[in-house]
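>>> Fold the following.
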Amino acid sequence: MASDQITRNHLVTLLQGRIAHLTFEDAVADFPMNQINTRPPNVPYTPWHLIEHLRIAQWDILEYIQNPQHVSPKWPEGYWPSPDAETDAAGWENTLKGFRDDLQALVELVQNPATDLYAPIPHDNHGHTILREVFSVADHNAYHVGELAILRQVMDNWPK
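A predicted model of the protein is given here:
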């Protein structure tokens with residue numbers, strides 16, 4: 001297997017969280033709907049806020065890669081729902097679907113042999129590459145998926 005394909009395979013595995021940490025799917029599995037809007041002790045946001053933050057940040061990077069006209073949300077407030085925002089089961093599922101869809105789009109981008117992972121993104125003036133952005137998504141997702149796992153532990157809502 002060529003080294004380019006090996007790199008792509010490793011990146012996909014990293015994005016999907018199957019190297020050294022819990023996957024997104026495992027972290028959200030069987031999440032109790034009556035706790036999606038609950039703030040754990042000493043935490044200023046809810047589990048839904050955290051997952052919505054993951055979705056927004058991942059979406060922003062995907063758009064940044066693909067769309068020269070994309071304007072990122074204002075930092076930091078544009079990357080989180082309003083502190084008083086709540087959702088219902090349908091909103092929770094929409095957040096999960098958005099996260100999954102954008103993750104799949106990133107996986108497909110990485111898997112596409114026509115994607116030059118190392119070339120600077122043409123509309124970026126900082127020399128950022130798709131490889132750099134994929135690492136950024138994977139790192140950010142891993143951090144917050146781990147955080148969600150800890151919040152679930154604190155909230156005592158893991159399936160028995």
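>>> Please pull out the lowest mean pLDDT helix or strand from this structure.
Evaluated with mean pLDDT, DSSP states H and E, the helix-and-strand set of the chain has its lowest mean pLDDT in helix 3-15, which scores a mean of 93.
>>> what's it packed up against?
helix 89-111, helix 130-155 (3 or more C-beta pairs under 8 Å, 6 or more residues apart in numbering; DSSP states H and E). (C-beta placed from N, C-alpha, C; glycine too.)
>>> which parts of it are buried?
The neighbour-count criterion (16 or more other C-beta atoms under 10 Å) identifies Arg8, Leu11, Val12, Leu14, Leu15 as the buried residues of helix 3-15.
>>> I'd guessed the last one sits against Leu109; true?
This means Leu15. No: the pair formed by Leu15 and Leu109 falls short of the contact definition of C-beta atoms under 8 Å, at 10.0 Å.
>>> mind saving the C-alpha coords of the helix or strand following the least confident helix or strand of the chain as CSV?
Downstream of helix 3-15, the first helix or strand assigned by DSSP states H and E is helix 24-28. Output of helix 24-28 as CSV, limited to C-alpha atoms (Å, rounded to 0.1, in the frame of the first residue of the first chain):
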residue,chain,number,x,y,z
PHE,A,24,-18.3,9.9,19.5
GLU,A,25,-20.9,7.1,19.0
ASP,A,26,-19.9,5.4,22.2
ALA,A,27,-20.0,8.8,24.1
VAL,A,28,-23.5,9.6,23.0
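>>> What helices and strands are in contact with the next helix-or-strand element following helix 24-28?
Counting by DSSP H and E, the element after helix 24-28 in chain order, helix or strand, is helix 47-66. Counting contacts by 3+ C-beta pairs under 8 Å, 6+ apart, the secondary-structure elements packed against helix 47-66 are helix 89-111, helix 130-155.
>>> For this protein, give me the ranges with low pLDDT.
For the chain, residues meeting the criterion pLDDT under 70 lie at 1.
>>> can we see that at 80?
Residues of the chain that meet the criterion pLDDT under 80 lie in 1, 18-21.
>>> For Asp4, see how far away Pro113 is.
Here the distance between Pro113 and Asp4 works out to 8 Å (C-beta to C-beta, to the nearest Å).
>>> For stretch 36-50, give me every contacting residue.
Contacts made with stretch 36-50 from outside it, assessed by C-beta atoms under 8 Å, 6 or more residues apart in numbering, are listed as 31, 35, 53, 80-81, 83, 85-87, 89, 91-92, 95, 144, 147-148, 151-152, 154-155.
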